[in-house]
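Engineer: the sequence isn't on hand, but the structure is:
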């Protein structure tokens, strides 16, 4: 495994009064045993393809020519989609980009998941459409936001490429069943990649929905799946529940909600490349578990930035949160800071001889310990390194942890019935405009 999961500071035996009592922890772990048995049966019988996709490679090989075309002919690629159709690719893209542009060469990817007209206008003013590609992602093929985005952009791309060459720059990903987006793609002669209808949007990060953008960005898609596969294999290896990180995480999350009234869960990576992991996790956790009055509210934070904005609340506000810290040992990495320290300035002497990586890692460790000392349940993921295999493992961990938690809570993690109410009302209001 490319990470170590330590939830000891969530348990009363270590944390004290705010932690989960051992008996309840063990009861939840026993529930995880039944949950994993059901998941394994579903996987073995083909009912949960998101657990099977890590072992597949044919789809990656089949789209290599398409990936090469985008990388060689585009300076920018727009990815249209919302929710899981965008957040997975955006999270993976974090490994390949920075605030200053792509790290691995290739085009700059723009994940447009909102329908703000101002953002669209600004984006188009800054792009050379003749060097821009377009990927349109909608599992259902009828997502109002995505279809609207596509239809709004289509004339712009038709003008730049003409009808004959449009298929060289525009790709659609949707279910292999009749739907409006697939029909439009067929009428335009566009390449249409299939999205498995049994893999919901928030679980599709390791399908081509997430991996096509990742490959265009120069990432190793096979390594992402390898990391995920190792997590799946370990979870179904027959190991003790206490040795399966996803089971421990689910047991702790459910137990703390029931015993300690935990209502919010904070995910806090200490790495800019993992900043968008929190966005993806927010949807995964909230949309899967928030049903029938159950679930906890996910909160995205970023270390060290949010130590200076949210930590005061976490330490001295309501004691209703569980914390997940994610970092790797960056000691010794980055620029040294001692060369510019003023001589005789004792207040900064603790920085002398240190690097930016030293400060980052120590900050993560100190914040974790401070939360624990204040009775806040906190767990940590210590990563071996930040790469594709690790990120693939992390995403699969959280997907498994989420569906196990759903089973313990007695809710269906694969639907979102409440969301449909707003969609129906929006359609009705648009008709009445």
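Structural biologist: Perfect, thanks for sending it. Being a predicted model, the structure only gives us computed values, none of them experimental.
Engineer: mean confidence score for the helix or strand where residue 212 lies?
Structural biologist: Counting by DSSP states H and E, the element that carries residue 212 is helix 208-216. Throughout helix 208-216, pLDDT has a mean value of 98.
Engineer: quick check: which helices or strands does that helix pack against?
Structural biologist: Packing contacts for helix 208-216, counted by 3 or more Cβ pairs under 8 Å, 6 or more residues apart in numbering; DSSP states H and E, involve helix 58-62, helix 64-73, strand 76-80, helix 84-93, strand 108-112, strand 132-137, strand 170-174, helix 221-235. For glycine as for every other residue, the C-beta is placed from the backbone atoms N, C-alpha and C.
Engineer: what comes into contact with it?
Structural biologist: Applying Cβ atoms under 8 Å, 6 or more residues apart in numbering, the contact partners of helix 208-216 are 59-60, 63-64, 66-67, 70-71, 77, 79, 81, 84-85, 88-93, 95-96, 106-107, 109, 111, 133, 135, 137, 139, 171, 173, 193, 195, 201, 204, 221, 224-225.
Engineer: go with 7 Å
Structural biologist: Where contact means Cβ atoms under 7 Å, 6 or more residues apart in numbering, the residues beyond helix 208-216 that reach it are 59-60, 63, 67, 70-71, 77, 79, 85, 88-89, 92-93, 106-107, 109, 135, 137, 173, 193, 195, 204, 221, 224.
Engineer: one more: stretch 407-419?
Structural biologist: For stretch 407-419, the surrounding residues in contact (Cβ under 7 Å, 6+ apart) are 28, 31, 35, 38, 200, 250, 254, 287-289, 291-292, 294, 402-403, 406.
Engineer: kindly check the end-to-end length of it for me.
Structural biologist: The first residue of stretch 407-419 is 21 Å away from its last residue (Cα to Cα, to the nearest Å).
Engineer: in its sheet, what does the lowest-mean-pLDDT helix or strand in the chain sit against?
Structural biologist: Of all regular secondary-structure elements in the chain, judged by mean pLDDT, DSSP states H and E, the least confident is strand 101-102 with a mean of 76. Looking at strand 101-102 with DSSP bridges, its partner strands are strand 97-98 (antiparallel).
Engineer: centre of the chain to the partner strand, how far?
Structural biologist: With Cα atoms, centre = their mean, to the nearest Å as the basis, the distance from the averaged C-alpha position of strand 97-98 to the chain average is 16 Å.
Engineer: next, the contact list for the closest residue to residue 355 other than its chain neighbours, please.
Structural biologist: Once flanking residues are discounted, residue 355 sits nearest to residue 334: 4.7 Å by Cβ to Cβ, 6 or more residues apart in numbering. For residue 334, the contacting residues are 355-357, by Cβ under 7 Å, 6+ apart.
Engineer: just those residues: which are in helices?
Structural biologist: Secondary structure from DSSP state H places 356-357 of these in helices.
Engineer: about what we covered before: any idea which of the contacts of stretch 407-419 is closest to residue 184?
Structural biologist: When these are compared for distance to residue 184 (Cβ to Cβ), residue 200 wins out at 22.7 Å.
Engineer: for the residue lying closest to the closest one once chain neighbours are set aside, give me the pLDDT.
Structural biologist: Leaving aside its chain neighbours, residue 200 sits nearest to residue 414 (5.4 Å; criterion: Cβ to Cβ, 6+ apart). The score at residue 414 is 94. That number is its pLDDT.
Engineer: is it true that residue 414 lies in a helix?
Structural biologist: No - for residue 414, which was evaluated using DSSP: H, G, I helix; E, B strand; the rest coil, the result is coil, with no helix membership.
Engineer: that older thread, weed out the non-buried ones from the contacts of residue 334.
Structural biologist: By the neighbour-count criterion of 16 or more other Cβ atoms under 10 Å, the contacts of residue 334 include these buried positions: 355, 357.
Engineer: now the strands for the stretch 151-300 of the chain?
Structural biologist: For the stretch 151-300 of the chain, the strands identified by DSSP state E, counting those that start in this stretch occupy 170-174, 191-194, 264-269, 297-300, in order along the chain.
Engineer: winner for burial among those?
Structural biologist: With neighbours defined as mean count of other Cβ atoms under 10 Å, the strands of the stretch 151-300 of the chain peak in mean count at strand 170-174, which reaches a mean of 25.
Engineer: could you chop this protein up by domain?
Structural biologist: Residue ranges for each domain of the chain read 3-41+224-411, 53-222, as given by automatic domain parsing.
Engineer: as CSV, the ones you listed with distance to residue 425 would be great.
Structural biologist: Putting the domains of the chain into CSV (distance: least, Cβ to Cβ, whole Å) gives the following:
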stretch, distance to residue 425
domain 3-41+224-411, 18
domain 53-222, 12
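Engineer: just to revisit the earlier point, farthest-separated two in the contacts of stretch 407-419?
Structural biologist: The widest separation within the contacts of stretch 407-419, taken as Cβ to Cβ, falls between 28 and 200 and amounts to 24.9 Å.
Engineer: so between the two, which is more surrounded?
Structural biologist: A side-by-side neighbour count of residue 28 and residue 200, using other Cβ atoms under 10 Å, places residue 28 first with 25 against 19.
Engineer: show me what contacts the more buried one?
Structural biologist: Residues counted as contacts of residue 28 (Cβ under 7 Å, 6+ apart) are 251, 254-255, 408.
Engineer: about what we covered before: measure the residue nearest to residue 200 to residue 214 for me?
Structural biologist: Counting by Cβ to Cβ, to the nearest Å, the gap from residue 414 to residue 214 is 24 Å.
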